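*Asks:* With the input below, show me the fold.
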Amino acid sequence: MRTTARPAVLACQLLALTAAVAVLGVAPGEERALETLGALTTFWQPLQVLSGAYGAGERWTRRSRRPAVAVLATTIAFLAGAAVLVLAAQAITGRVGLPALFSAAPRTGLPTFPWLIPLGALQFVILLQITMTCEGKPFTRLPRPWGGWTALAAASALAVAAYFLLVNWDAVPAATRAATGLRNPDGPVPGNDVPAFLIVVAAWQVISLNLLGGWPGTRVRSPAARILLNDILVLAGGTATYLALQAAGVSLPDMAALAGSTVAGSRLVAVLAFRDSRPATTGARLRLSSLALLSSAALWAVLLGVTSGARFTQQPAGLWIAVMALNFVSGGISYLTDILPRARPPAGEERPRPAAGPAQAAPTGAASASLPAPRRTSRHVTNR
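*Replies:* Okay, here's the model as predicted:
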C-alpha cells in the first residue's frame, strides 16, 4: 500500500515504532520477550495481511463516527484473533493452556516458543504466497473481506497439512516432549529448520512482489503464466538462497536473522519511496534494491548490537533478531500503512453523521438549501 503520510508524520510514526520495539522487545529482557511474544506476533501477521490486502475491518472503521476508537477496537480484535490462533496451534501441536500466552514456562499447556513457530510461519508464508505471488486468486473473486477470510482458512488448512507431512521433533528428547506435551509428527524435516527456510522465501516474496512491484512477472500478460513465473521465481530463489547460506556455514538462527532483516528493510524502503506504481526501469529497480540492501544491513547491525549486551541462555540471539525484524519492524510498518490511516477519513470524504432525532430536527425551507447533499464515495485500498 502506498503511504500518504507527510514525511514529518511518517518520521514520528517510525519513532513510535522504534519505541514500541524497545518497550516490548528489549525492556522485559530480550529472551523473555522472545519466548512470550514470539508466537503471538507471528500469528498476528496473517491478520494484518487480511487487513491490508482484503480490507478486513475497513468497512466498519470507515462507517464509524469515531474512527480512532474503531481503529483501536480493530487492533484489540486482531490481538484477540492472534491469541485464538495461538490456542488453536497449541491444540494441533501439543496441549492447550491459556497460561502459555503469558508465560515462557507455563504450568499447563505447551510453551508457545519455539514449538508453535513452524506452524505459524507456514500459515503466514502460505497466505503471502496466495495473496502476493498468486495475486489473491481465486479468493479475490469473493466479496471483501470474505475472500480474505477464505484465503486464511485455505492457508491454515495447507499449513496444518504441511506441518504433519514435513515436520519432526526428533532432536527434542522424548522426556522433554512428554513433559511439555509436544507431539512429534515424524516428518522428514527437523522443526527448527522450517522457520529459517520460510523466512528466506518471505524475503523473496517481499523483494520481488512488493519492493519491485512484481518484476519480472509484470512483463507477462497472461495471468496464469505470470502467476506460474512468480511462483517459480519465489520458491526456486528461496530454496537456492537457503541452500547457498547453509553451504556457506551460516547457522539457522543467523539465516533467519538475515532474512528477517531483509524483509523489514525492503518493506521500509518500499514505504519511504512513496510508491504507487512499480519501478519501470532497470536503473530504478537497482536503486531500490541497493537501498533495501543498505537498510536491511543497517537494521541487522543495530539489532545485533542490542544482542551483544543481552543474555541468552535458552534461545539463540539470531532468533530474537529475526522476530524483532519480521514481526515487530516489518509488522509495525504494515500496521502504520494499512490500519492506522483508517483513523482519519480520506480527503473529500466525511464520516457518517448521527441521525436527526426529536431534539435535532432536520432543517427545512431555505436553511436546508445551504446544506450539501450527502455523497457516496468509495475508496479502494491496494496492498502490494
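
*Asks:* mind checking how far the residue nearest to Tyr335 when sequence neighbours are not counted is from Leu79?
*Replies:* The shortest distance from Tyr335 to any non-neighbouring residue, by Cβ to Cβ, 6 or more residues apart in numbering, is to Gln48 (6.6 Å). For the C-beta atoms, the positions are set from N, CA and C on the backbone; glycine is no exception. Gln48 is 11 Å from Leu79, where distance means Cβ to Cβ, to the nearest Å.

*Asks:* the more surrounded of these two?
*Replies:* Gln48 (22 against 14; other Cβ atoms under 10 Å).

*Asks:* residues contacting the most centrally placed residue in the chain?
*Replies:* Central residue check for the chain by Cα atoms, centre = their mean: the C-alpha nearest the mean position is that of Gln45, 3.3 Å away. Gln45 makes contact with 120, 124, 326-327, 331, according to Cβ atoms under 8 Å, 6 or more residues apart in numbering.

*Asks:* Out of those, which comes closest to Asn192?
*Replies:* The nearest member of those to Asn192, counting by Cβ to Cβ, is Gly120 at 13.9 Å.

*Asks:* wait, isn't the closest one in contact with Thr42?
*Replies:* Yes. Shown here, Gly120 and Thr42 form a contact pair, counting by Cβ atoms under 8 Å, at 3.9 Å.

*Asks:* follow-up on the earlier one: what's the pLDDT at the residue nearest to Tyr335?
*Replies:* If you check Gln48, the pLDDT there is 89.

*Asks:* Likewise for the one 5 residues further on?
*Replies:* The pLDDT attached to Ala53 in the predicted structure is 83.

*Asks:* and it, which of the three is it?
*Replies:* Following DSSP: H, G, I helix; E, B strand; the rest coil, we place Ala53 in the helix state.

*Asks:* In contact with it, which residues?
*Replies:* 131-132, 136, 148, 383.

*Asks:* As a check, name the ranges of all strands in the chain.
*Replies:* 167-168, 189-190 (DSSP state E).

*Asks:* Check what contacts the last one and list those residues.
*Replies:* With Cβ under 8 Å, 6+ apart as the contact definition, strand 189-190 has outside contacts at 166-171.

*Asks:* Each with direction, which strands does it pair with?
*Replies:* strand 167-168 (parallel) (DSSP bridges).

*Asks:* Hmm, Ala70 is touching Ser64, no?
*Replies:* Yes. The pair Ala70 / Ser64 is scored as a contact, 3.8 Å apart, by Cβ under 8 Å.

*Asks:* Rounded mean pLDDT for stretch 115-134, please.
*Replies:* pLDDT averaged over stretch 115-134 gives 94.

*Asks:* how long is it end to end?
*Replies:* 29 Å (Cα to Cα, to the nearest Å).

*Asks:* repeat for stretch 215-228
*Replies:* Using Cα to Cα, first and last residues of stretch 215-228 are 13 Å apart.

*Asks:* before we move on, back to that, just give me the closest of the contacts of Ala53 to Tyr242.
*Replies:* Met132 (19.0 Å).

*Asks:* Contacts only, for that closest one.
*Replies:* Here Met132 is in contact with 53, 205, 209-210, 384 (Cβ under 8 Å, 6+ apart).
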